[in-house]
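K.L.:
all I have is the shape, not the residue letters:
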(Lines give C-alpha, C1' and ligand atoms only; values in the text may rest on other atoms or scores of the structure.)
Protein backbone atom coordinates (compact mmCIF):
# COMPACT_ATOMS: atom_id res chain seq x y z
CA UNK A 1 0.00 0.00 0.00
CA UNK A 2 2.87 2.34 0.90
CA UNK A 3 4.62 1.52 -2.38
CA UNK A 4 1.47 2.45 -4.36
CA UNK A 5 1.25 5.83 -2.59
CA UNK A 6 4.95 6.43 -3.20
CA UNK A 7 4.49 5.74 -6.92
CA UNK A 8 1.55 8.17 -7.01
CA UNK A 9 3.69 10.88 -5.40
CA UNK A 10 6.48 10.23 -7.94
CA UNK A 11 3.93 10.45 -10.76
CA UNK A 12 2.73 13.82 -9.41
CA UNK A 13 6.33 15.08 -9.35
CA UNK A 14 6.89 14.03 -12.97
CA UNK A 15 6.02 17.33 -14.63
CA UNK A 16 6.34 16.10 -18.23
CA UNK A 17 4.06 13.10 -17.55
CA UNK A 18 1.44 15.39 -15.99
CA UNK A 19 1.62 17.80 -18.94
CA UNK A 20 1.14 14.89 -21.37
CA UNK A 21 -1.81 13.64 -19.32
CA UNK A 22 -3.56 17.00 -19.56
CA UNK A 23 -2.59 17.46 -23.20
CA UNK A 24 -0.89 20.79 -22.42
CA UNK A 25 2.47 22.30 -23.26
CA UNK A 26 4.99 22.59 -20.42
CA UNK A 27 4.41 26.35 -20.12
CA UNK A 28 0.67 25.77 -19.58
CA UNK A 29 1.00 22.83 -17.16
CA UNK A 30 -0.12 23.56 -13.53
CA UNK A 31 2.80 21.59 -12.01
CA UNK A 32 5.37 23.51 -14.03
CA UNK A 33 3.69 26.82 -13.18
CA UNK A 34 3.84 25.89 -9.49
CA UNK A 35 7.57 25.18 -9.86
CA UNK A 36 8.11 28.59 -11.49
CA UNK A 37 6.05 30.36 -8.81
CA UNK A 38 7.99 28.50 -6.09
CA UNK A 39 11.26 29.76 -7.58
CA UNK A 40 9.88 33.31 -7.67
CA UNK A 41 8.71 33.04 -4.05
CA UNK A 42 12.14 31.83 -2.89
CA UNK A 43 13.75 34.73 -4.75
CA UNK A 44 11.26 37.12 -3.12
CA UNK A 45 12.12 35.69 0.33
CA UNK A 46 15.86 36.22 -0.27
CA UNK A 47 15.27 39.81 -1.39
CA UNK A 48 12.98 40.43 1.62
CA UNK A 49 15.68 39.08 3.94
CA UNK A 50 18.32 41.32 2.36
CA UNK A 51 16.10 44.41 2.73
CA UNK A 52 15.09 43.49 6.29
CA UNK A 53 18.69 42.88 7.27
CA UNK A 54 19.47 46.41 6.16
CA UNK A 55 16.67 48.22 8.01
CA UNK A 56 15.82 45.91 10.96
CA UNK A 57 18.34 45.16 13.67
CA UNK A 58 16.64 42.13 15.29
CA UNK A 59 17.56 38.95 13.29
CA UNK A 60 14.70 36.98 14.84
CA UNK A 61 12.16 39.57 13.64
CA UNK A 62 13.66 39.49 10.14
CA UNK A 63 13.43 35.69 10.04
CA UNK A 64 9.81 35.81 11.26
CA UNK A 65 8.80 38.38 8.62
CA UNK A 66 10.49 36.38 5.84
CA UNK A 67 8.87 33.12 6.99
CA UNK A 68 5.41 34.73 7.19
CA UNK A 69 5.81 36.34 3.76
CA UNK A 70 7.02 33.07 2.22
CA UNK A 71 4.18 31.06 3.80
CA UNK A 72 1.51 33.52 2.61
CA UNK A 73 2.91 33.54 -0.93
CA UNK A 74 3.11 29.73 -1.04
CA UNK A 75 -0.50 29.41 0.17
CA UNK A 76 -1.71 31.89 -2.48
CA UNK A 77 0.32 30.10 -5.19
CA UNK A 78 -1.03 26.70 -4.08
CA UNK A 79 -4.65 27.90 -4.23
CA UNK A 80 -4.16 29.43 -7.68
CA UNK A 81 -2.40 26.34 -9.07
CA UNK A 82 -5.09 24.07 -7.60
CA UNK A 83 -7.64 26.09 -9.58
CA UNK A 84 -5.59 25.72 -12.77
CA UNK A 85 -5.23 21.99 -12.12
CA UNK A 86 -8.99 21.54 -11.73
CA UNK A 87 -9.55 23.41 -15.01
CA UNK A 88 -6.91 21.27 -16.77
CA UNK A 89 -8.52 18.09 -15.40
CA UNK A 90 -11.98 19.24 -16.49
CA UNK A 91 -10.63 20.01 -19.97
CA UNK A 92 -8.99 16.57 -20.16
CA UNK A 93 -12.21 14.82 -19.12
CA UNK A 94 -14.19 16.87 -21.66
CA UNK A 95 -11.80 15.85 -24.46
CA UNK A 96 -12.01 12.19 -23.40
CA UNK A 97 -15.82 12.37 -23.29
CA UNK A 98 -15.96 13.85 -26.80
CA UNK A 99 -13.61 11.15 -28.08
CA UNK A 100 -15.52 8.26 -26.46
CA UNK A 101 -18.96 9.63 -27.42
CA UNK A 102 -17.88 10.21 -31.03
CA UNK A 103 -16.49 6.67 -31.32
CA UNK A 104 -19.66 5.21 -29.82
CA UNK A 105 -21.88 7.19 -32.21
CA UNK A 106 -20.00 6.05 -35.29
CA UNK A 107 -21.26 2.45 -35.26
CA UNK A 108 -25.03 3.13 -34.98
CA UNK A 109 -24.72 5.95 -37.49
CA UNK A 110 -22.95 3.66 -39.97
CA UNK A 111 -25.73 1.07 -39.50
CA UNK A 112 -28.37 3.76 -40.06
CA UNK A 113 -26.62 4.93 -43.22
CA UNK A 114 -26.37 1.35 -44.51
CA UNK A 115 -30.08 0.72 -43.80
CA UNK A 116 -31.13 3.92 -45.64
CA UNK A 117 -29.00 3.01 -48.67
CA UNK A 118 -30.49 -0.49 -48.68
CA UNK A 119 -34.03 0.91 -48.60
CA UNK A 120 -33.27 3.41 -51.37
CA UNK A 121 -31.72 0.73 -53.57
CA UNK A 122 -35.10 -1.01 -53.96
CA UNK A 123 -33.69 -4.46 -53.23
CA UNK A 124 -36.24 -5.11 -50.48
CA UNK A 125 -39.21 -3.56 -52.26
CA UNK A 126 -40.28 -0.53 -54.24
CA UNK A 127 -41.31 2.72 -52.58
CA UNK A 128 -43.38 5.64 -53.75
CA UNK A 129 -41.66 8.84 -54.88
CA UNK A 130 -42.74 10.68 -51.72
CA UNK A 131 -41.24 7.96 -49.49
CA UNK A 132 -37.99 8.01 -51.46
CA UNK A 133 -37.82 11.77 -50.95
CA UNK A 134 -37.91 11.28 -47.16
CA UNK A 135 -35.18 8.65 -47.41
CA UNK A 136 -33.01 11.19 -49.24
CA UNK A 137 -33.56 13.69 -46.42
CA UNK A 138 -32.55 11.02 -43.89
CA UNK A 139 -29.45 10.18 -45.91
CA UNK A 140 -28.43 13.84 -46.17
CA UNK A 141 -28.85 14.43 -42.44
CA UNK A 142 -26.99 11.25 -41.50
CA UNK A 143 -24.16 12.50 -43.74
CA UNK A 144 -24.08 15.78 -41.81
CA UNK A 145 -23.98 13.90 -38.52
CA UNK A 146 -21.11 11.78 -39.80
CA UNK A 147 -19.17 14.93 -40.75
CA UNK A 148 -19.80 16.44 -37.30
CA UNK A 149 -18.63 13.27 -35.52
CA UNK A 150 -15.51 13.19 -37.70
CA UNK A 151 -14.78 16.84 -36.84
CA UNK A 152 -15.29 16.20 -33.12
CA UNK A 153 -12.85 13.27 -33.23
CA UNK A 154 -10.29 15.42 -35.03
CA UNK A 155 -10.70 18.21 -32.45
CA UNK A 156 -10.29 15.68 -29.64
CA UNK A 157 -7.05 14.39 -31.18
CA UNK A 158 -5.77 17.93 -31.65
CA UNK A 159 -6.45 18.79 -28.00
CA UNK A 160 -4.85 15.56 -26.78
CA UNK A 161 -1.89 16.09 -29.13
CA UNK A 162 -2.48 12.71 -30.77
CA UNK A 163 -3.46 13.87 -34.27
CA UNK A 164 -1.47 11.61 -36.62
CA UNK A 165 0.51 13.25 -39.43
CA UNK A 166 1.84 10.73 -41.96
CA UNK A 167 4.12 12.94 -44.00
CA UNK A 168 4.92 12.09 -47.60
CA UNK A 169 5.82 13.94 -50.79
CA UNK A 170 2.87 14.88 -52.98
CA UNK A 171 1.66 17.46 -55.48
CA UNK A 172 -0.52 20.11 -53.85
CA UNK A 173 -1.67 21.22 -57.31
CA UNK A 174 -3.09 17.77 -58.15
CA UNK A 175 -4.76 17.52 -54.76
CA UNK A 176 -6.54 20.85 -55.34
CA UNK A 177 -7.69 19.81 -58.83
CA UNK A 178 -9.12 16.53 -57.50
CA UNK A 179 -10.95 18.35 -54.71
CA UNK A 180 -12.54 20.80 -57.14
CA UNK A 181 -13.84 17.83 -59.16
CA UNK A 182 -15.30 16.28 -55.99
CA UNK A 183 -17.05 19.56 -55.15
CA UNK A 184 -18.43 19.92 -58.70
CA UNK A 185 -22.05 18.92 -57.79
CA UNK A 186 -22.15 21.49 -54.95
CA UNK A 187 -20.48 24.12 -57.16
CA UNK A 188 -23.03 23.63 -59.94
CA UNK A 189 -26.05 23.49 -57.62
CA UNK A 190 -24.87 26.71 -55.94
CA UNK A 191 -24.52 28.46 -59.33
CA UNK A 192 -20.89 29.36 -58.55
CA UNK A 193 -17.82 29.50 -60.76
CA UNK A 194 -14.54 28.22 -59.34
CA UNK A 195 -11.31 29.41 -60.98
CA UNK A 196 -7.98 27.78 -60.19
CA UNK A 197 -4.66 29.36 -61.15
CA UNK A 198 -1.32 27.73 -60.43
CA UNK A 199 2.30 28.53 -61.23
CA UNK A 200 4.05 26.11 -63.54
CA UNK A 201 6.53 23.44 -62.38
CA UNK A 202 5.73 23.78 -58.69
CA UNK A 203 7.73 21.47 -56.40
CA UNK A 204 6.13 18.84 -54.20
CA UNK A 205 5.57 19.39 -50.50
CA UNK A 206 6.24 17.10 -47.55
CA UNK A 207 3.07 16.80 -45.47
CA UNK A 208 0.12 14.52 -44.72
CA UNK A 209 -2.04 14.62 -47.90
CA UNK A 210 -5.20 13.43 -46.08
CA UNK A 211 -4.92 16.21 -43.48
CA UNK A 212 -4.09 18.93 -46.05
CA UNK A 213 -7.02 17.67 -48.10
CA UNK A 214 -9.21 18.26 -45.04
CA UNK A 215 -7.88 21.84 -44.70
CA UNK A 216 -8.51 22.77 -48.34
CA UNK A 217 -11.87 20.98 -48.31
CA UNK A 218 -13.00 23.05 -45.32
CA UNK A 219 -11.86 26.32 -46.91
CA UNK A 220 -13.47 25.49 -50.27
CA UNK A 221 -16.72 24.37 -48.63
CA UNK A 222 -16.89 27.64 -46.63
CA UNK A 223 -16.17 29.75 -49.71
CA UNK A 224 -18.98 28.08 -51.67
CA UNK A 225 -21.59 28.05 -48.91
CA UNK A 226 -21.01 31.66 -47.82
CA UNK A 227 -21.72 33.07 -51.28
CA UNK A 228 -25.30 34.19 -51.78
CA UNK A 229 -26.78 34.15 -55.28
CA UNK A 230 -24.34 33.87 -58.18
CA UNK A 231 -20.67 34.32 -57.36
CA UNK A 232 -17.15 33.09 -57.93
CA UNK A 233 -14.32 31.52 -55.98
CA UNK A 234 -10.72 32.14 -57.02
CA UNK A 235 -8.01 29.71 -55.95
CA UNK A 236 -4.33 30.51 -56.41
CA UNK A 237 -1.23 28.43 -55.77
CA UNK A 238 2.28 29.87 -55.99
CA UNK A 239 5.79 29.50 -54.64
CA UNK A 240 7.09 32.05 -52.13
CA UNK A 241 10.69 31.47 -51.07
CA UNK A 242 10.81 28.01 -49.42
CA UNK A 243 7.01 27.66 -49.18
CA UNK A 244 3.97 26.99 -51.33
CA UNK A 245 1.25 29.53 -50.74
CA UNK A 246 -2.41 28.54 -51.17
CA UNK A 247 -5.01 31.30 -51.43
CA UNK A 248 -8.79 31.10 -51.82
CA UNK A 249 -10.93 34.22 -52.34
CA UNK A 250 -14.72 34.53 -52.54
CA UNK A 251 -17.23 37.34 -52.99
CA UNK A 252 -19.52 36.07 -50.25
CA UNK A 253 -20.98 37.55 -47.07
CA UNK A 254 -17.58 38.35 -45.52
CA UNK A 255 -16.71 38.54 -41.84
CA UNK A 256 -17.75 41.44 -39.56
CA UNK A 257 -14.84 43.39 -38.08
CA UNK A 258 -15.80 42.57 -34.49
CA UNK A 259 -15.84 38.81 -35.24
CA UNK A 260 -12.43 38.53 -36.90
CA UNK A 261 -10.48 37.86 -33.69
CA UNK A 262 -12.68 34.81 -32.94
CA UNK A 263 -12.66 33.24 -36.41
CA UNK A 264 -10.24 30.38 -35.60
CA UNK A 265 -11.88 29.50 -32.28
CA UNK A 266 -13.85 26.28 -31.76
CA UNK A 267 -17.60 26.37 -32.49
CA UNK A 268 -17.51 30.07 -33.45
CA UNK A 269 -19.75 31.25 -36.28
CA UNK A 270 -20.19 34.90 -37.24
CA UNK A 271 -23.61 36.51 -36.70
CA UNK A 272 -24.04 37.42 -40.38
CA UNK A 273 -23.57 33.75 -41.34
CA UNK A 274 -26.19 32.59 -38.82
CA UNK A 275 -28.72 34.97 -40.42
CA UNK A 276 -28.49 32.92 -43.63
CA UNK A 277 -28.87 29.64 -41.68
CA UNK A 278 -25.83 28.21 -43.42
CA UNK A 279 -25.04 24.76 -42.05
CA UNK A 280 -21.80 24.21 -40.17
CA UNK A 281 -20.38 23.33 -36.77
CA UNK A 282 -17.81 26.11 -36.42
CA UNK A 283 -14.97 23.57 -36.21
CA UNK A 284 -13.57 23.70 -39.75
CA UNK A 285 -11.29 26.72 -39.36
CA UNK A 286 -10.08 25.60 -35.92
CA UNK A 287 -9.10 22.23 -37.41
CA UNK A 288 -7.51 23.87 -40.47
CA UNK A 289 -5.34 26.16 -38.32
CA UNK A 290 -4.18 23.29 -36.09
CA UNK A 291 -3.24 21.07 -39.06
CA UNK A 292 -1.41 23.81 -40.97
CA UNK A 293 0.61 24.90 -37.93
CA UNK A 294 1.45 21.29 -37.02
CA UNK A 295 2.63 20.80 -40.62
CA UNK A 296 5.08 23.70 -40.18
CA UNK A 297 3.04 26.32 -42.05
CA UNK A 298 1.07 29.49 -41.32
CA UNK A 299 -2.56 30.44 -41.94
CA UNK A 300 -4.39 33.77 -42.08
CA UNK A 301 -7.18 35.71 -43.76
CA UNK A 302 -8.51 39.09 -44.77
CA UNK A 303 -12.18 39.91 -45.06
CA UNK A 304 -14.72 42.68 -45.44
CA UNK A 305 -18.37 42.23 -44.60
CA UNK A 306 -20.59 42.22 -47.67
CA UNK A 307 -17.63 42.03 -50.07
CA UNK A 308 -15.95 38.68 -49.40
CA UNK A 309 -13.08 36.85 -47.74
CA UNK A 310 -9.63 35.62 -48.65
CA UNK A 311 -8.03 32.79 -46.71
CA UNK A 312 -4.45 31.67 -47.22
CA UNK A 313 -1.93 29.24 -45.82
CA UNK A 314 1.67 28.32 -46.49
CA UNK A 315 3.39 24.95 -46.34
CA UNK A 316 7.13 24.31 -46.47
CA UNK A 317 8.56 22.70 -49.59
CA UNK A 318 10.16 19.28 -49.01
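P.N.:
Everything's here; your move. All figures in this text were calculated on a predicted structure; none of them were measured in a lab.

K.L.:
can you give me the strands in this protein?
P.N.:
168-170, 192-198, 205-207, 231-240, 243-250, 298-304, 308-316 (DSSP state E).

K.L.:
I'd like the ones you listed as JSON lines, with distance to residue 62 and mean pLDDT appended.
P.N.:
Glycine gets a C-beta too; all of them are placed from N, C-alpha and C. Putting those into JSON lines (distance: least, CB to CB, whole Å; pLDDT from 0 to 100) gives the following:
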{"stretch": "strand 168-170", "distance to residue 62": "66", "mean pLDDT": "91"}
{"stretch": "strand 192-198", "distance to residue 62": "73", "mean pLDDT": "93"}
{"stretch": "strand 205-207", "distance to residue 62": "61", "mean pLDDT": "91"}
{"stretch": "strand 231-240", "distance to residue 62": "62", "mean pLDDT": "92"}
{"stretch": "strand 243-250", "distance to residue 62": "60", "mean pLDDT": "94"}
{"stretch": "strand 298-304", "distance to residue 62": "54", "mean pLDDT": "93"}
{"stretch": "strand 308-316", "distance to residue 62": "58", "mean pLDDT": "94"}
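
K.L.:
need those in TSV with distance to residue 74, can you?
P.N.:
Shown next, in TSV, are the strands of the chain (distance: least, CB to CB, whole Å):
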stretch	distance to residue 74
strand 168-170	51
strand 192-198	60
strand 205-207	47
strand 231-240	51
strand 243-250	48
strand 298-304	41
strand 308-316	46
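
K.L.:
turn those into CSV, including distance to residue 151 and mean neighbour count.
P.N.:
Listed next are the strands of the chain as CSV, based on distance: least, CB to CB, whole Å; neighbours: other CB atoms under 10 Å:
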stretch, distance to residue 151, mean neighbour count
strand 168-170, 23, 14
strand 192-198, 23, 15
strand 205-207, 20, 22
strand 231-240, 22, 17
strand 243-250, 19, 21
strand 298-304, 17, 16
strand 308-316, 18, 20
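
K.L.:
between those, which one is closest to residue 185.
P.N.:
strand 192-198 (11.7 Å; CB to CB).

K.L.:
relative to the closest one, what are the paired strands and their orientations?
P.N.:
strand 231-240 (parallel) (DSSP bridges).

K.L.:
between the strands of the chain, which one is closest to residue 77.
P.N.:
Nearest of the strands of the chain (CB to CB): strand 298-304, 36.1 Å.

K.L.:
now for the closest one, which elements pack on it?
P.N.:
Counting contacts by 3 or more CB pairs under 8 Å, 6 or more residues apart in numbering; DSSP states H and E, strand 298-304 packs against helix 284-294, strand 308-316.

K.L.:
relative to strand 298-304, how tilted is the shortest one?
P.N.:
Between the axes of strand 308-316 and strand 298-304, defined by axes from the mean of the first three to the mean of the last three CA atoms, to 10 degrees, the angle is 170 degrees.

K.L.:
look up how far residue 104 lies from residue 223.
P.N.:
Counting by CB to CB, to the nearest Å, the separation of residue 223 from residue 104 is 33 Å.

K.L.:
ok, residue 34 next?
P.N.:
Distance from residue 34 to residue 104, by CB to CB: 36 Å.

K.L.:
what about the two, which has more around it?
P.N.:
residue 34 (19 against 11; other CB atoms under 10 Å).

K.L.:
got a list of what the nearest residue to that one once chain neighbours are set aside touches?
P.N.:
Spatial nearest neighbour of residue 34, excluding adjacent residues (CB to CB, 6 or more residues apart in numbering): residue 81 at 4.4 Å. Contact analysis of residue 81 by CB atoms under 8 Å, 6 or more residues apart in numbering lists 30, 31, 33, 34, 37.

K.L.:
still on that earlier bit, nearest to residue 238, out of the helices and strands packed on strand 298-304?
P.N.:
Nearest to residue 238, of all those, is strand 308-316, at 10.2 Å by CB to CB.

K.L.:
what angle do the closest one and helix 284-294 make?
P.N.:
Relative orientation of strand 308-316 versus helix 284-294 (the same axes, to 10 degrees): 20 degrees.

K.L.:
one step back: and residue 262, which of the strands of the chain is closest to it?
P.N.:
strand 298-304 (12.3 Å).

K.L.:
what comes into contact with that closest one?
P.N.:
So strand 298-304 is contacted by 254-255, 260, 263-264, 288-289, 292-293, 309-314 (CB under 8 Å, 6+ apart).

K.L.:
and for stretch 211-222?
P.N.:
Contacts for stretch 211-222 (CB under 8 Å, 6+ apart): 154, 163, 165, 172, 175-176, 179-180, 183, 186, 194, 205, 233, 235, 246, 248, 280, 284-285, 287-288, 291-292, 295, 311, 313, 315.
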